[in-house]
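Asker: Mind looking at a prediction? Sequence and model below.
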Amino acid sequence: MPITKLQLKGRDFLSVLDFSTEEIYKIFSLTKAMKKNPKAYRKKLDGKMMMLIFEKPSLRTHVTFDVGIKQLGGDSLFYASSEKNRIGVRESFYDVAKNLERMVNGIMIRTFAHNVCTQLAEHANIPIINGLTDLEHPCQAMADYFTISEFKKDLSKTKLAFVGDGNNVAHSLMLLAARLGSTFALAMPKGYEPNADIVSKAKETAKKTGAKIIITNDAIEAVINADAIYTDVWASMGQESESAERKKIFQPYQVNAKLVKNAKSDYLFMHCLPAHRNDEVTDDVIDSKNSVVFQEAENRLHVQKAIMFELLRD
Ligand code: CP
Ligand code: NVA
């Protein structure tokens, strides 16, 4: 697809759908350039301050945003939210936004309810980036499809099978697959379907791009002929009390040596991490030659640098 000059400056990235197909490819080509030659981008966000708000734990998101903004010449401020200073609780979203827009140049927030992100974005005149909510994990999906693009030339011809919970990561991957015109198959147990609004947005988008969205309870149907098999934890952050029950229900959806035989022989195994080894994925699969999980994690850094650059630059 030809890339024209795009204007992402000042925009938010709360959902995959905030970027058009063209903008996604533009971010991917900038990511590739930044990954290849990071030195060329050393001062691009000189003097810019990113605030990183975490209301849930993190390893990759914290480190990659922090290192990423610093590699671009900016700086970061870590804000660990606690019960008492949770955004929108101690004071209104409006007041928080109106303060912060005068102090920092951009905010990444990881939180529970998606509307915390959207409320901040509505009132703050600076870019807000979603670093994971209960509904979406858009930066993860961008890093994931960028990773697939390092192996497969034409993303629109790929099939990604997500086996497990219809969760935030599945939602963002589904929306991105829809934007890219590719095939996305989700297999999950009954009762753990993805959010209906996300599915309808993905299907609506798919009509325009030629993407195929498959939602099934049959793990083999999802995995057949897949170029990539993806899984995630069975209980996401905030669902810890359901862990034992989910462990039983999701067992037939474990990604193991038997299941992956249904995919293409050169399939990629993907996981956003952290993994619960030998629950959602067996050691032999996550440690196999098909596994690209650490490349995916590294690509969080490169893709988020490209996103921050586009949103925060002068
Ligand atoms: N994949 C991911 O977002 O990892 P963290 O939860 O460690 O940030
Ligand atoms: N679905 C997981 C993703 C973690 C990166 C969670 O929300 O906990």
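Answerer: Yep, that arrived. Ligands and ions are numbered 1, 2, ... in the order given.
Asker: Show the average pLDDT along whichever helix in the chain runs longest.
Answerer: For the chain, the helix with the greatest residue count under DSSP state H is helix 293-312. Average pLDDT, helix 293-312: 98.
Asker: Please spell out which residues along that helix are buried.
Answerer: 293, 296-312 (16 or more other Cβ atoms under 10 Å). For the C-beta atoms, the positions are set from N, CA and C on the backbone; glycine is no exception.
Asker: same deal with stretch 276-285?
Answerer: So, applying 16+ other Cβ under 10 Å, buried residues of stretch 276-285: 279, 280, 281, 282, 285.
Asker: One more: stretch 88-108?
Answerer: Buried residues in stretch 88-108 (16+ other Cβ under 10 Å): 88, 93, 96, 97, 100, 101, 104, 105, 106, 107, 108.
Asker: Farthest-apart pair in those residues, please.
Answerer: Spanning the widest gap among the buried residues of stretch 88-108 are 88 and 105, at 21.1 Å by Cβ to Cβ.
Asker: Pick out whichever of the buried residues of stretch 88-108 sits closest to residue 240.
Answerer: Among those, residue 88 lies closest to residue 240 (Cβ to Cβ), at 22.7 Å.
Asker: contacting residues around the closest one?
Answerer: Neighbouring residues of residue 88 by Cβ atoms under 8 Å, 6 or more residues apart in numbering: 96, 116, 119.
Asker: Then residue 107?
Answerer: Neighbouring residues of residue 107 by Cβ under 8 Å, 6+ apart: 50, 51, 52, 53, 100, 120, 124, 126, 127, 128, 129.
Asker: Which residues of this protein lie near ligand 1?
Answerer: Taking Cβ under 6 Å from any ligand atom as the criterion, the chain approaches ligand 1 at residues 58, 59, 60, 61, 132, 140, 272, 273, 274.
Asker: what about burial for these, which qualify?
Answerer: Taking 16+ other Cβ under 10 Å as the criterion, what is buried in the residues of the chain next to ligand 1 is 58, 60, 61, 132, 140, 272, 273.
Asker: Of all pairs in the residues you listed, which one is the farthest apart?
Answerer: 132 and 273 (12.4 Å).
Asker: Residue of the stretch 151-300 of the chain nearest ligand 1, please.
Answerer: Going by Cβ to the nearest ligand atom, ligand 1 is nearest to residue 272 of the stretch 151-300 of the chain, at 3.9 Å.
Asker: Same question for stretch 212-220: list its buried residues.
Answerer: Under the neighbour-count criterion of 16+ other Cβ under 10 Å, stretch 212-220 has 213, 215, 217, 219 buried.
Asker: pLDDT of the host helix or strand of the first one, averaged?
Answerer: Under the assignment given by DSSP states H and E, the secondary-structure element containing residue 213 is strand 212-216. Taken as a whole, strand 212-216 has a mean pLDDT of 98.
Asker: That one packs against which elements?
Answerer: helix 168-180, strand 183-187, helix 196-209, helix 219-223 (3 or more Cβ pairs under 8 Å, 6 or more residues apart in numbering; DSSP states H and E).
Asker: Sheet partners, orientation included, of it?
Answerer: Looking at strand 212-216 with DSSP bridges, its partner strands are strand 183-187 (parallel).
Asker: Run the contact check for the partner strand versus ligand 2.
Answerer: No - Strand 183-187 stays clear of ligand 2 (Cβ under 6 Å from any ligand atom), getting no nearer than 13.4 Å.
Asker: Would you confirm that residue 114 contacts residue 133?
Answerer: Yes - using Cβ atoms under 8 Å, residue 114 is in contact with residue 133, at 4.2 Å.
Asker: more neighbours, these two?
Answerer: The neighbour comparison of residue 114 against residue 133 (other Cβ atoms under 10 Å) goes to residue 133, with 25 against 19.
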